[in-house]
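A.B. asks: here is a sequence together with a model predicted from it:
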Amino acid sequence: MTTQYALIGAAGYIAPRHLKAIKDTGGNLAVAFDVNDSVGIMDSHFPDAAFFTEFERFESHVDDLRRKGRGPSYVGICSPNYLHKAHMGFALRSGADAICEKPLVLEVSDIDDLAALEKDTGQRINSILQLRLHPAIIALRNRIAAGPKDKVYNVDLGYFTSRGAWYHASWKGFDQKSGGIATNIGVHFYDMLSFVFGPIRGNVVHHRGLDSAAGYLEFAQARVRWVLSINRDHLPAHTPAGQTTHRSITVEGEEIEFSGGFTDLHTASYQNVLDGHGYGLDVVRPSIEVVSHIRTAPIEPSKGEQHPDIAKVLG
């Protein structure tokens, strides 16, 4: 029997990857919702799916399907960050498991609430953490695991991805909705670092602004200098002319190249869930603890080591 899905946030930037993942894994999208009706991409995947721009009508339709024995087994969630918790709650109470984009939630206490709801409903929450499935990251993790257990590696993470004025006018520009730069842009990098180098041991914030953030993290096997920015003026001087994004992760000075290979990672994530290996609340908790701390921690620029490309960000 074909697995049935619902999708929340069908007009979002990342929604096409969810649509592709549902189709590639043999599923069927029964119904979708978004307050924005720019969802023509659905025609390329599931032209017969019901679609609603009002959540109440979407909720009613899902309930009708459930009472007829055709309710979705999974609800994909691509909505704004601050709505994730509510939408996962809807999924679980509707008798479906959730497959939610990152950051899963904004606060650690939200994880506790959702864990209680999982227990009450018997349903499960799964987070999209596609970097854990990237071949280059898996290879790095295997390399670290095969090396000396007491070695602590020096790591630099720099991610500069230019965004226009629209970013600050959208929900992403409001910390209470997006969680801020480190949460919205960086959370999956912090998860990846703990996946490769083990539990976090220290978390220092060097800079926290509307368009950038920087700091120093210590993991069981890594010392990490990091900087994130969406301001094109912060692009490092060594960025090739005409390039608006610069992403770099180095381990002991060696560049880890993982710019490619993202095309099918959402499909792999969905298959992981179908196979019973989805990333649940316990897996997500450490990265949410990291970003929650970054959001409120004191600024201590002289503590720990600063990323070598931080000069422009600090002005």
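C.D. replies: Great, that's in hand.

A.B. asks: for Ala30, helix, strand, or coil?
C.D. replies: Three-state call for Ala30 (DSSP: H, G, I helix; E, B strand; the rest coil): strand.

A.B. asks: so it sits against Asp64, correct?
C.D. replies: No - counting by C-beta atoms under 8 Å, Ala30 sits too far from Asp64 to count as a contact (10.7 Å). C-beta here means a position set from N, CA and C on the backbone, and glycine is covered the same way.

A.B. asks: in terms of neighbours, single out the busier of these two.
C.D. replies: Ala30 (21 against 13; other C-beta atoms under 10 Å).

A.B. asks: what residues are up against the more buried one?
C.D. replies: Applying C-beta atoms under 8 Å, 6 or more residues apart in numbering to Ala30 gives the contacts Gln4, Tyr5, Ala6, Ala49, Ala50, Leu65, Arg70, Pro72.

A.B. asks: low pLDDT regions in the stretch 101-250 of the chain?
C.D. replies: Within the stretch 101-250 of the chain, not a single segment meets pLDDT under 70.

A.B. asks: can you give me the strands in it?
C.D. replies: Ranges of strands within the stretch 101-250 of the chain are 125-127, 153-161, 200-208, 212-219, 222-229, 245-251, based on DSSP state E, counting those that start in this stretch.

A.B. asks: tell me the most buried of those strands?
C.D. replies: Among the strands of the stretch 101-250 of the chain, the stretch with the highest mean neighbour count (mean count of other C-beta atoms under 10 Å) is strand 125-127, at a mean of 28.

A.B. asks: picking up where we left off before, could you dump the strands of the stretch 101-250 of the chain into TSV with distance to Gln306 added?
C.D. replies: TSV is the format used below for these (distance: least, C-beta to C-beta, whole Å):
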stretch	distance to Gln306
strand 125-127	30
strand 153-161	10
strand 200-208	6
strand 212-219	7
strand 222-229	6
strand 245-251	15
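
A.B. asks: select, out of the ones you listed, the one closest to Ile99.
C.D. replies: Ile99 lies closest to strand 125-127 among these, at 4.9 Å (C-beta to C-beta).

A.B. asks: tell me which strands and helices that closest one is in contact with?
C.D. replies: Other helices and strands packing on strand 125-127, by 3 or more C-beta pairs under 8 Å, 6 or more residues apart in numbering; DSSP states H and E, are strand 97-100, helix 281-296.

A.B. asks: need the winner for burial among the ones you listed.
C.D. replies: Ranked by mean neighbour count under mean count of other C-beta under 10 Å, those are led by strand 97-100, which reaches a mean of 25.

A.B. asks: can you list the strands that it pairs with?
C.D. replies: strand 74-77 (parallel), strand 125-127 (parallel) (DSSP bridges).

A.B. asks: related to what we said a few turns ago, which among the contacts of Ala30 count as buried?
C.D. replies: Gln4, Tyr5, Ala6, Ala49, Ala50, Leu65, Pro72 (16 or more other C-beta atoms under 10 Å).

A.B. asks: which of the residues you listed fall within strands?
C.D. replies: Among the buried ones among the contacts of Ala30, DSSP state E puts Gln4, Tyr5, Ala6, Ala50 in strands.
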